[in-house]
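>>> got a sequence here, can you model it:
(one chain, ligands or ions: 1)
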Amino acid sequence: MRGPVLLGLLLTGCLVQGQAQADEHAAEYREEIMEAVGGHMQAIVKIAKGEVAYNDHLVVLARNMAGLATIAQNIFPEGSAVGDTHALPAIWLEPEAFAERLQAFLDAAGHFDAVVASGDMSGFGEALQGLGQACKSCHDKFKDDD
Ligand code: HEC
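Prediction:
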């Protein structure tokens, strides 16, 4: 009987280790995506402030941001608050409040994309502010500061 028991323990050990690794990879993946979100935001703000004249990039940046907001809906699996993460436990303790922030991000990025794609820039400032607000209202509650 010892053989099978030991084998069972070994297999369990592998499964636990496999899950820990999957959680770590999920946390790292989330950070890659959020860095892409952050990079897009900074690029958009540079154009908005007139620091660079890549106005023709805005359509692509806004489209990408909307795409990233779609991806962001699905990068917070349970158990992935591991490693060097800034994700707060509240994400999984208050899933409904968190889901609202995700939805707000999706809406704000979709609206920003629509405004930029329309070419009518009269709503640009407000749409950009709404997008920034969507980041902030989630970070304030669900991401630690440092
Ligand atoms: C629904 C919640 C939510 C929204 C919306 C959101 N973020 Fe985040 N963001 C997080 C969380 C949580 C982390 C920490 C992730 C981690 O460390 O595992 C994070 C991390 C980041 C990071 C740091 C990446 C890293 O290296 O850890 C940047 C930059 C960032 N977000 C930018 C943005 C910007 C810009 C927006 C809006 C355009 C935005 N985020 C929208 C929750 C959100």
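
>>> run through the helices of the chain in chain order.
2-48, 58-72, 90-93, 95-118, 124-142 (DSSP state H).

>>> just want the angle from the second one to helix 124-142.
Which is helix 58-72. 30 degrees (axes from the mean of the first three to the mean of the last three Cα atoms, to 10 degrees).

>>> so what secondary structure elements neighbour the worst-scoring helix or strand of the chain on mean pLDDT?
Ranking every helix and strand in the chain by mean pLDDT, DSSP states H and E puts helix 2-48 at the bottom, with a mean of 91. On a contact count with 3 or more Cβ pairs under 8 Å, 6 or more residues apart in numbering; DSSP states H and E, helix 2-48 meets helix 58-72, helix 124-142. For every residue, glycine as well, the C-beta is placed using N, CA and C.

>>> deepest-packed of these, please.
helix 58-72 (a mean of 18; mean count of other Cβ atoms under 10 Å).

>>> contacts for that helix?
Helix 58-72 has contacts (Cβ atoms under 8 Å, 6 or more residues apart in numbering) with 33-34, 36-37, 40-41, 43-44, 47, 102, 105-106, 108-110, 112-113, 115-117, 131.

>>> likewise stretch 125-136?
Residues contacting stretch 125-136 (Cβ under 8 Å, 6+ apart): 37, 41, 44-45, 48, 65, 101, 104-105, 107-109, 111-112, 115-116.

>>> between those residues, which is closest to residue 73?
Nearest to residue 73 among the contacts of stretch 125-136, counting by Cβ to Cβ, is residue 105 at 8.4 Å.

>>> which residue, other than its chain neighbours, is closest to that closest one?
residue 134 (4.5 Å; Cβ to Cβ, 6 or more residues apart in numbering).

>>> same deal with residue 143?
residue 86 (5.1 Å).

>>> from the ligand, how far out is the one you found?
4 Å (Cβ to the nearest ligand atom, to the nearest Å).
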